[in-house]
Structure formats: C-alpha cells, structure tokens
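Trainee: My questions are about this predicted structure, shown below with the sequence.
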Amino acid sequence: MDSANLSLPHQHAQIDVMRNGGVPSMKFDKLTSHPVEIIEHLAPKQKWKLHLKQLEQVYGRHAALHAQMQALILNKSQRLPTLESSFTGFATMFDTHSDLGVEDIYNDPFQNPDRNINLHAAMELKMDGHFL
C-alpha cells in the first residue's frame, strides 16, 4: 500500500491562537449540510429552470431564449466600482426584490462613513487590471 494515502492531513504553518482562535477543526470540513439547507440553496435554480421550461412549452423556444437573454443583460449592468450595484431589474425578474435579510439592515459596507476608496484607481483596476 502507498503510505501517502494512509497519512492524515496536517498543517505546516504555525497556529496563531490569539488572532485565529485556536486550532481549526477538520470535523467541520467533512460534515455535510442539512438537507433543508441544500434544498433552499438549489430552489432558485430549479425554479428558474422550471420557468424556462414552461415558457418553452407554452410560447416556444424563442421565449425561453429571450428570457435568458434578458437575465444576462440585467445581470451585467453595474454601477461604478465604488458604488453599490443593486441589480433592481434582475431582482424584479426573479422576484427577489421584496426579500429582506439581516445583511440589508446591519453592517452594510456601503453605508460605512469611514469607507474611503479612490474612484479613479478603482476604475483603472477594473478597466486595465492594474494601476498607473
């Protein structure tokens, strides 16, 4: 037998207990998600596929392609890099515009008054991939 297959994974770097809170447990890496969590994660994708299938059966293939094209267009439109892109049209198309989560109220990084980002540098990074 190969001895590499029998060894347990180990960490080479030194562990900083004060910053990271101790030794990371491998137990949480191996555990699977709860079945309801998996269903909630896959539900929007399945709902979209069902919607496309219904459009295709009722109106023809062109209607499904048109809906896919609209979704791609609405997903691509963004604001400047330092501003929040709300994707209002995309959220309306998928009926998620009325969902309200904790992240919508607390700790929004775009509402932080200490947020100081150079718009010019962010645009150069987005367009060219590097700063001048």
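Mentor: Yep, it's here. Just so you know, these numbers come straight off a predicted model, no measurement behind them. Numbering: from 1, shown residues only.
Trainee: host element of the residue nearest the centre of the chain?
Mentor: Residue closest to the average C-alpha location in the chain (Cα atoms, centre = their mean): H41, at 11.6 Å. Assigned by DSSP states H and E, H41 belongs to helix 35-59.
Trainee: elements contacting that helix?
Mentor: If contacts are counted by 3 or more Cβ pairs under 8 Å, 6 or more residues apart in numbering; DSSP states H and E, helix 35-59 sits against helix 61-76. The way it works is simple: take the backbone N, C-alpha and C, and place the C-beta from them, glycine included.
Trainee: Now the element after the helix it packs on, going C-ward?
Mentor: Following helix 61-76 toward the C-terminus (DSSP H and E): helix 88-93.
Trainee: What residues sit buried inside the very next helix or strand once past that next one?
Mentor: Going down the chain from helix 88-93, the next helix or strand is helix 119-128, by DSSP H and E. Buried residues in helix 119-128, counting neighbours by 16 or more other Cβ atoms under 10 Å, are absent.
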